[in-house]
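> can you look at this prediction? I've put the sequence above it.
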Amino acid sequence: MFRRSIYKSPADLRAMVAAGRATAGALAEARRRVVPGATGLELDAAAERAIVAAGGRSNFKLVPGYRHTLCVSVNDDIVHGIPGDRPFRAGDLVSVDGGADVGGWNGDSAFSLVIPDPARPEIVAAREELSRVTEAALWHGIATLARASHLNEVGAAIEEYVTGEGDYGILTDYVGHGIGRQMHEEPPVFNYRVDRKGPAVKPGLVVAIEPMLVAGAVDTFVRDDDWTVTTADGADAAHWEHSVAVHAGGIWVLTAEDGGAAGLAPFGIVPAPIA
């Protein structure tokens, strides 16, 4: 039986740049709108406009049964939240996930953002710290990918970092993934240590790294909408994600507007554009 290689050709990698750029632009438009009184549907519409303007289409809408461009998850909702018309409130922790298909190639990315609330500084501080640790865990994973021999070193690095930052839970039921012609491809990208090496890290490997952290236990349930994944204990959650390509010249974060330069600078890594 024929099995498609997980490694992309140099031409494939060049083709994926546009999808990553469109994804980054769509999430930037959504991020600017995470303010009190805005709604998930407004973010969704803005992201859709940005993707279409970039010559792409929402790959989330290609998932059977899903009708939106983004997933928008608030507070104890972790991932796969359906954009709705409930206005965001001051202090909310909003996680936004989205992707674009451009020319049959995919990008996928996510961020979390806490809306300021001077009336509840302790809640805001705790949520901001959860988001900060999750984002930093992502960059630890990306930096490790740049130097790793095998993929599962990424999860070990993420777990080691998170464990040193406090009593946070790393979601185990949902992990990162390969990305290319499909939004979700082999191989899985774990956010924690596993007992196998995983595929070799070499030019052509493209993965979406996406740590999902919770402030409490890792037990989850899916809401009645059959999509939204929520913490069972009501604890807050955060989600950060980037699509990352390994190529002959180094590493390039496809869904970061600067290719990952700012996020990788603390690790002494300079991302190299895909030639």
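Perfect, thanks for sending it.
> when you work out contacts or count neighbours from here on, use the C-alpha atoms and nothing else.
Noted.
> quick one: the helices in this protein?
Using DSSP state H, the helices of the chain run over residues 10-32, 40-53, 121-147, 153-163, 261-264.
> of all these, which one is nearest Ile179?
In terms of Cα to Cα, the element of these nearest to Ile179 is helix 10-32, at 9.6 Å.
> now the angle between helix 40-53 and that closest one, please.
Angle, helix 10-32 to helix 40-53, by axes from the mean of the first three to the mean of the last three Cα atoms, to 10 degrees: 140 degrees.
> quick one: contacts of helix 10-32?
43-44, 46-51, 54, 56, 96-103, 105-110, 113, 180, 204, 243, 245, 247, 254-257, 274-275 (Cα atoms under 8 Å, 6 or more residues apart in numbering).
> returning to that earlier point: out of the helices of the chain, flag the one nearest Asn75.
For Asn75, the closest of the helices of the chain is helix 121-147, at 8.5 Å, according to Cα to Cα.
> list the buried residues in the closest one.
Along helix 121-147, these residues count as buried under the neighbour rule (16 or more other Cα atoms under 10 Å): 123-124, 127-146.
> which positions within stretch 182-198 qualify as buried?
Of the residues in stretch 182-198, 183-193, 198 count as buried by neighbour count, 16+ other Cα under 10 Å.
> I'd like the average pLDDT over stretch 141-155.
If you average the pLDDT over stretch 141-155, you get 98.
> also stretch 42-54?
With pLDDT averaged residue by residue, stretch 42-54 scores 98.
> next one: Ser9 from Ala248, what distance?
Note on Ser9: its distance to Ala248, by Cα to Cα, to the nearest Å, is 10 Å.
> show me what contacts Ser109?
Under the criterion of Cα under 8 Å, 6+ apart, the contact partners of Ser109 comprise 23-24, 27, 97-99, 208, 240-243, 255.
> what is the nearest of those residues to Arg223?
Compare each of the contacts of Ser109 with Arg223 using Cα to Cα and the shortest gap goes to Asp97, at 17.7 Å.
> now the residue nearest the centre of the chain, nearest residue through space, not along the chain?
Centre of the chain computed as the mean C-alpha position; nearest residue by Cα atoms, centre = their mean is Glu241, 1.8 Å away. Closest residue in space to Glu241, ignoring its immediate chain neighbours: Glu210 at 4.1 Å, by Cα to Cα, 6 or more residues apart in numbering.
> ok, Glu128 next?
Nearest in space to Glu128, with sequence neighbours left out and distances taken as Cα to Cα, 6+ apart, is Val114 at 6.0 Å.
> Glu29 versus the one you found, what's the distance?
16 Å.
> over to Pro36?
According to Cα to Cα, Pro36 and Glu29 sit 16 Å apart.
> quick one, which of the two is more surrounded?
Between Pro36 and Glu29, Glu29 has the larger neighbour count (other Cα atoms under 10 Å), namely 19 against 15.
> can you pull the pLDDT of that one?
So Glu29 comes in at 98 (pLDDT).
> same thing with Leu264?
Leu264 carries a pLDDT score of 98 in this model.
> also Arg4?
The predicted local confidence for Arg4 is 73.
> contacting residues around the residue nearest to Ser9 when sequence neighbours are not counted?
Once flanking residues are discounted, Ser9 sits nearest to Gly204: 5.8 Å by Cα to Cα, 6+ apart. When the contact criterion is Cα under 8 Å, 6+ apart, the partners of Gly204 are 6-10, 13, 245-247.
> just send these back as a markdown table, with distance to Val74 and neighbour count too.
Compiled in a markdown table, the contacts of Gly204 are given as follows (distance: Cα to Cα, whole Å; neighbours: other Cα atoms under 10 Å):
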| residue | distance to Val74 | neighbour count |
| --- | --- | --- |
| Ile6 | 33 | 17 |
| Tyr7 | 35 | 20 |
| Lys8 | 35 | 21 |
| Ser9 | 38 | 14 |
| Pro10 | 38 | 15 |
| Leu13 | 33 | 24 |
| Ala245 | 29 | 30 |
| Val246 | 32 | 24 |
| His247 | 36 | 25 |
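> among these, name the ones in strands.
Under the assignment DSSP state E, the contacts of Gly204 contribute 245-247 to strands.
> any idea how far Gly98 lies from Ala30?
When Cα to Cα is applied, the distance between Gly98 and Ala30 equals 10 Å.
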